[in-house]
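# Using only what follows, build the 3D model:
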Amino acid sequence: MISIIIPLYNQADKITKCLDSISRQSYQNYEIIVVNDGSKDKPLKVIKEYKKIFEEKQKVFKYFEQENKGAPSARNKGFEESKGGYVIFCDADAILEARALEKMFKKLDKNNKASYVYSSFVWGKKKFRVGPFDSERLKNEPFIHTMALIRREDFTSEGWDESIKKFQDWDLWLTMLEEGKKGEWIDDILFKIKAGGTMSEWLPSFFYKAMPFLPQVKKYKKAMNIIKNKHNIK
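Numbers count the residues shown, from 1 in each chain. Presented below is the predicted three-dimensional model:
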């Protein structure tokens with residue numbers, strides 16, 4: 001079974017499309033865990049509607065609330081409450097392709113050397129065809145999205161670092177790499193995310209060299225240094 005863990009913060013208007021896309025999945029052996037991280041937009045009405053819909057489909061739908069502690073804390077809470085042998089940390093504003101879970105599960109099930117599988121994706125109007133797993137590349141840049149399917153037994157015992165504010169996914173994959181855990185790429189776009197979410201400050205790559213004075217670039221580099229210092233990357 002796959003545990004789909006969704007941290008929710010002020011996205012009651014977006015999680016509906018996410019949950020709709022989950023209900024249309026060709027792979028149906030899953031549970032859903034939504035952790036409301038102190039949202040102020042009152043998502044409970046939406047959650048109750050979808051909880052009823054999924055329970056009518058005989059799916060486990062769990063909902064938890066906590067004070068605002070950040071997405072890593074919400075993900076850790078969701079993992080603690082999950083039961084599946086596989087987990088995926090799904091963004092509340094993500095829309096999954098109909099065969100996303102099926103393709104991820106089949107890929108991971110066939111490759112017992114991989115601890116997780118990840119795919120390409122669309123953010124806004126831009127396609128991110130992220131490429132094959134490469135340990136050295138991972139040490140130098142964040143190219144694997146949060147939304148990967150992970151074997152429960154291989155998920156790091158440290159969980160998500162709740163002190164990390166940016167590049168939380170990069171930090172996780174580096175931690176797992178240090179534990180000898182590697183991923184495998186699915187050369188397919190399996191989900192899309194609307195602009196304005198977790199990657200709202202994305203800039204074209206040439207900006208980071210050509211315009212180092214931009215506030216976004218300075219914040220980006222500072223955040224990268226925090227991760228590199230933590231993982232002793234020169």
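
# pull the CA atoms of the longest helix seen in the chain into PDB?
Ranked by residue count under DSSP state H, the longest helix found in the chain is helix 215-230. Written as PDB, here are the backbone C-alpha positions of helix 215-230 (Å, rounded to 0.1, in the frame of the first residue of the first chain):
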ATOM      1  CA  PRO A 215      17.500  39.500  -3.800                       C
ATOM      2  CA  GLN A 216      16.200  36.100  -5.000                       C
ATOM      3  CA  VAL A 217      19.700  35.000  -6.100                       C
ATOM      4  CA  LYS A 218      21.200  36.100  -2.800                       C
ATOM      5  CA  LYS A 219      18.500  34.100  -0.800                       C
ATOM      6  CA  TYR A 220      19.000  31.100  -3.100                       C
ATOM      7  CA  LYS A 221      22.800  31.000  -2.600                       C
ATOM      8  CA  LYS A 222      22.400  31.500   1.200                       C
ATOM      9  CA  ALA A 223      20.000  28.700   1.400                       C
ATOM     10  CA  MET A 224      22.300  26.500  -0.700                       C
ATOM     11  CA  ASN A 225      25.200  27.200   1.600                       C
ATOM     12  CA  ILE A 226      23.100  26.100   4.600                       C
ATOM     13  CA  ILE A 227      22.600  22.700   3.000                       C
ATOM     14  CA  LYS A 228      26.100  22.300   1.800                       C
ATOM     15  CA  ASN A 229      27.500  23.200   5.200                       C
ATOM     16  CA  LYS A 230      25.300  20.600   6.900                       C
END
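
# Could you tell me which residues within stretch 14-22 count as buried?
14-15, 18-19, 21-22 (16 or more other CB atoms under 10 Å). Where you see a C-beta, it was placed from the backbone N, CA and C, and this is true even at glycine.

# hmm, I was thinking of stretch 49-64
50-51, 54, 59, 61-63.

# wait, which of these is closest to residue 3?
Of all the buried residues of stretch 49-64, the one with the least separation from residue 3 (CB to CB) is residue 62, at 9.4 Å.

# which non-adjacent residue is nearest the closest one?
With CB to CB, 6 or more residues apart in numbering as the measure, residue 33 is the residue that lies nearest to residue 62, at 4.6 Å, once sequence neighbours are left out.

# What segments of the protein are helices?
Using DSSP H, helices in the chain cover 15-23, 44-56, 71-81, 100-110, 135-140, 168-178, 207-210, 215-230.

# just checking, which of the ones you listed comes out with the lowest mean pLDDT?
When those are compared on mean pLDDT, helix 207-210 scores lowest, with a mean of 46.

# can I assume residue 33 is in contact with residue 78?
Yes - here residue 33 reaches residue 78: they are 4.4 Å apart, a contact under CB atoms under 8 Å.

# Break this protein into its domains for me.
When the chain is parsed into structural domains using automatic domain parsing, the resulting residue ranges are 2-196, 203-234.

# tell me the most buried of those domains?
Here the criterion is mean neighbour count by mean count of other CB atoms under 10 Å, and of those the winner is domain 2-196, at a mean of 18.

# gap between it and the chain center?
The gap between where domain 2-196 is centred and where its chain is centred comes out at 4 Å by CA atoms, centre = their mean, to the nearest Å.

# Now for the residue nearest to residue 173 when sequence neighbours are not counted: which residues touch it?
Excluding the flanking residues, the one nearest residue 173 by CB to CB, 6+ apart is residue 144, at 5.2 Å. Taking CB atoms under 8 Å, 6 or more residues apart in numbering as the definition of contact, the neighbours of residue 144 are 118, 130, 133, 138, 169-170, 173, 183.

# can you tell me how far residue 144 sits from residue 8?
Here the criterion is CB to CB, to the nearest Å. By it, residue 144 lies 22 Å from residue 8.

# next one: residue 47
Using CB to CB, residue 47 is found at 8 Å from residue 8.
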